[in-house]
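> I would like the atomic coordinates for the input below:
(chains A, B, C and D)
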Protein chains: 2
Amino acid sequence: MISVLIADDHTILRQGLVSLLSNDPDILVLAEAADGLSAVQKALELKPMVIVIDISMPELNGMEAVKRLHEQLPEAKVLVLTMHEEQEYVIHMVRAGASGYLLKDSASDELIDAVKALAQGKTYFSQYAASVLATMSLKPAEMWDDPYRNLTSREREVFHLIIEGKTTKDIARSLDISVKTAENHRGKVLDKLQVANAAELVRYAAKYNLLI
Amino acid sequence: MISVLIADDHTILRQGLVSLLSNDPDILVLAEAADGLSAVQKALELKPMVIVIDISMPELNGMEAVKRLHEQLPEAKVLVLTMHEEQEYVIHMVRAGASGYLLKDSASDELIDAVKALAQGKTYFSQYAASVLATMSLKPAEMWDDPYRNLTSREREVFHLIIEGKTTKDIARSLDISVKTAENHRGKVLDKLQVANAAELVRYAAKYNLLI
DNA sequence: CTTGCTCTAGGGGTTTTCCCTCATTTTTAA
DNA sequence: TTAAAAATGAGGGAAAACCCCTAGAGCAAG
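I've put the predicted structure just below:
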């Protein structure tokens, strides 16, 4: 019997998953969680064999939750179930400790296969995720992180202010630094993320789900 | 017996919905569709009483699909099931002909209630959607559309070029107009959408799912 | 046929962005 | 502890963005 915890903030989807997984005689759904924090808590309490988790959740996002689960409950296997196709998501989640990655538009049979694979200590990656990981493994390690990760903390502050539509003067004021310094940070951000202007930067942010 | 068609591009969610609805003895799921176009085709063919549809779908987005369904199969009731909380989505979908609007994080009981309500010719709106519509009905009709709708066709062209990160010079070249004209259009777009700069414009585009 | 809207184009201005360079101090890591 | 990286600040300049304004041509509706 495979015990499973399901974490997803969309109730209907979550209940649909419970319904799907419960149809299989080998699978027992222990509990559900609607946010990352309660997912970690319930996992530590109930010690499920497999945790099915979505990336985007309130309280504690999926990535942080996976990290904590992997640290505090390494014997539990984490299956990421998401609609995010971005390469970076796959990589980040795997590095955070996920044993499987499945897109929400895959078939429900695949979900059950994945849960069973993880319960047996195997990994399970969708066609897409597997190919991303295969491609990535050919690149040098320093290329793995998306450029946003290469920003310094100050640069990230500036980054977020730019994508809020703030001007350099606004940024200088809100960070209490000189306009010239803010300008320098701005330049470095654009340079590091390889975009030409603020508009492209916001596109970048949208692409990586960095817009609050 | 209530016949239902389910349209959602995420296979797992879709199958979860089928599983949930099939548990109810009064509901019969006739078919599923993974994109807007096939949803319309299958609806015209099978003539379901209720169509459960997601907004964001490939081929033909939910809004267009709802519009066509309402025109070509007015006797079928459309229930929009989505994770989009944006006010504008609710309004647009209702104006397109939806009889119900449900968020994906509502409970599955609510989904079944909604399907039954629509089958009886009633409407069903989630707490949130209902309040949005209540608030909107107090505003004058010309305020209903989001500002993007007020752009002229030329302004929309410019809009899309701006959110691609193009400079005014680029825009002038690509539309074969003078830089000054492009500048004027740019100004009008920013003014009509009430944003201060290109960065905010891209945010706006992201908010309304206008980023390609 | 006038009124209004759109598209076009320009004048002239201020502000902001973007791109270099250089330099000091602080923090971090080897 | 020394070297590297980060944060700070500034000068100067070219380009772009932003904000006024006017104005003609075309087109559709009243």
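> so which residues on chain A come close to DNA strand C?
A:166-169, A:183-184, A:186-187, A:190-191, A:196-198 (CB under 7 Å from any atom of the strand). Placement of C-beta: from N, CA and C, glycine included.
> near DNA strand D at all, the biggest helix by length in chain A?
Using DSSP state H to define each element, chain A has its longest helix at helix A:179-192. Yes. Interface with DNA strand D: helix A:179-192 contributes A:Val179, A:Lys180, A:Thr181, A:Glu183, A:Asn184, A:His185 (CB under 7 Å from any atom of the strand).
> ok, of these, which come out buried?
Buried residues within the residues of helix A:179-192 next to DNA strand D, defined by neighbour count using 16 or more other CB atoms under 10 Å in any protein chain shown: A:Glu183, A:His185.
> include pLDDT when you put the residues of helix A:179-192 next to DNA strand D into a markdown table, please.
Output for the residues of helix A:179-192 next to DNA strand D, formatted as a markdown table (pLDDT from 0 to 100):
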| residue | pLDDT |
| --- | --- |
| A:Val179 | 90 |
| A:Lys180 | 89 |
| A:Thr181 | 92 |
| A:Glu183 | 90 |
| A:Asn184 | 89 |
| A:His185 | 90 |
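> highest neighbour count among the residues of chain A next to DNA strand C?
A:Ala198 (24 neighbours; other CB atoms under 10 Å in any protein chain shown).
> which residue packs closest to that residue, ignoring adjacent ones?
B:Ala199 (4.0 Å; CB to CB, 6 or more residues apart in numbering or on different chains).
> tilt between the host helix or strand of that neighbour and helix A:198-207?
Assigned by DSSP states H and E, B:Ala199 belongs to helix B:198-207. Calculated by axes from the mean of the first three to the mean of the last three CA atoms, to 10 degrees, helix B:198-207 forms an angle of 30 degrees with helix A:198-207.
> returning to that earlier point: closest to DNA strand D out of the residues of chain A next to DNA strand C?
Nearest to DNA strand D, judged by CB to the nearest atom of the strand, of the residues of chain A next to DNA strand C is A:Asn184 at 4.6 Å.
> who's A:Val4 bridged to?
A:Val29, A:Val50 (DSSP bridges).
> what's the angle from the longest helix of chain A to helix A:198-207?
Following the same axes, to 10 degrees, one obtains 60 degrees for the angle between helix A:179-192 and helix A:198-207.
> does chain B have contacts with helix A:179-192?
No. Against chain B, helix A:179-192 shows no contacts by CB under 8 Å from any CB of the partner chain, the least distance being 11.1 Å.
> which residues outside that helix are in contact with it?
Residues from elsewhere that reach helix A:179-192 (CB atoms under 8 Å, 6 or more residues apart in numbering or on different chains): A:147, A:150-151, A:154-155, A:158-159, A:162, A:168-169, A:171-172, A:175, A:196-197, A:201.
> quick one: which of those residues is most hemmed in?
A:Val158 (27 neighbours).
> so that one touches A:Ile171, yeah?
Yes. A:Val158 lies in contact with A:Ile171 (CB atoms under 8 Å); the separation is 5.9 Å.
> rewinding a little: next one: the helix holding B:Ala199 to chain centre, how far?
18 Å (CA atoms, centre = their mean, to the nearest Å).
> equivalent analysis for stretch A:165-183, please.
For stretch A:165-183 - counting by CA atoms, centre = their mean - the centre lies 31 Å from the chain centre.
> which stretches in chain A count as strands?
Using DSSP state E, the strands of chain A run over A:2-7, A:27-33, A:50-53, A:77-82, A:100-103, A:124-125.
> among those strands, which is the most enclosed?
Stretch with highest mean neighbour count among these: strand A:50-53 (a mean of 28; mean count of other CB atoms under 10 Å in any protein chain shown).
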